[in-house]
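[1] sequence and predicted structure below; questions after.
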Amino acid sequence: MIPTPPVALVKRRIKRFAPLQLGLMLAVLYGVLGLIFIPFFLIFTLVASHLPRQQNAGFMAMGVGFILLFPILYAIMGFVLGVIMAWVYNLAAKWVGGIEVEVE
């Protein structure tokens with residue numbers, strides 16, 4: 001058996017995030033999260049379909065609207081918040097030096 005050499009852990013510091021890149025990454029992640037919520041809106045719409053005619057129309061329209069718009073709105077929100085968070089992080093990292101991580 002060949003012994004493996006010891007792994008050297010190196011500390012690195014994240015000093016800056018590219019705001020647009022972080023915004024795009026969070027837009028994708030938030031969009032996927034929005035897709036995960038679709039089954040819950042389908043259940044909501046299914047339950048609403050069992051209400052009396054006068055009450056279910058609004059709930060069903062709202063459920064279908066959420067199914068169509070929620071992933072898109074969530075992705076837009078992720079992009080905007082990602083850009084803002086990157087800007088705030090970059091500003092704070094100038095003062096305190098950033099996040100320190102260990103890598104191999």
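    Sure thing, it's come through.

[2] I'd assumed Glu100 was in a helix, is it?
    No. Counting by DSSP: H, G, I helix; E, B strand; the rest coil, Glu100 is not part of a helix but strand.

[3] residues near it, how many?
    Other residues near Glu100 number 9, with proximity taken as other C-beta atoms under 10 Å. Any C-beta I mention is one placed from the backbone N, CA and C, and that applies to glycine too.

[4] my guess is it meets Lys15, correct?
    No. Look at Glu100 against Lys15 with C-beta atoms under 8 Å: they stay out of range, at 10.3 Å.

[5] can you list the low-confidence ranges for this protein?
    Residue ranges of the chain with pLDDT under 70: 51, 54-61, 63.

[6] can you give me the helices for it?
    19-36, 38-48, 53-96 (DSSP state H).

[7] in terms of secondary structure, what does the second one contact?
    Yep, that's helix 38-48 we're talking about. Using 3 or more C-beta pairs under 8 Å, 6 or more residues apart in numbering; DSSP states H and E as the contact criterion, the elements in contact with helix 38-48 are helix 53-96.

[8] repeat that for the first one.
    For helix 19-36, the helices and strands in contact under the criterion 3+ C-beta pairs under 8 Å, 6+ apart are helix 53-96.

[9] so who does Tyr89 touch?
    By C-beta atoms under 8 Å, 6 or more residues apart in numbering, the contact set of Tyr89 is Phe17.
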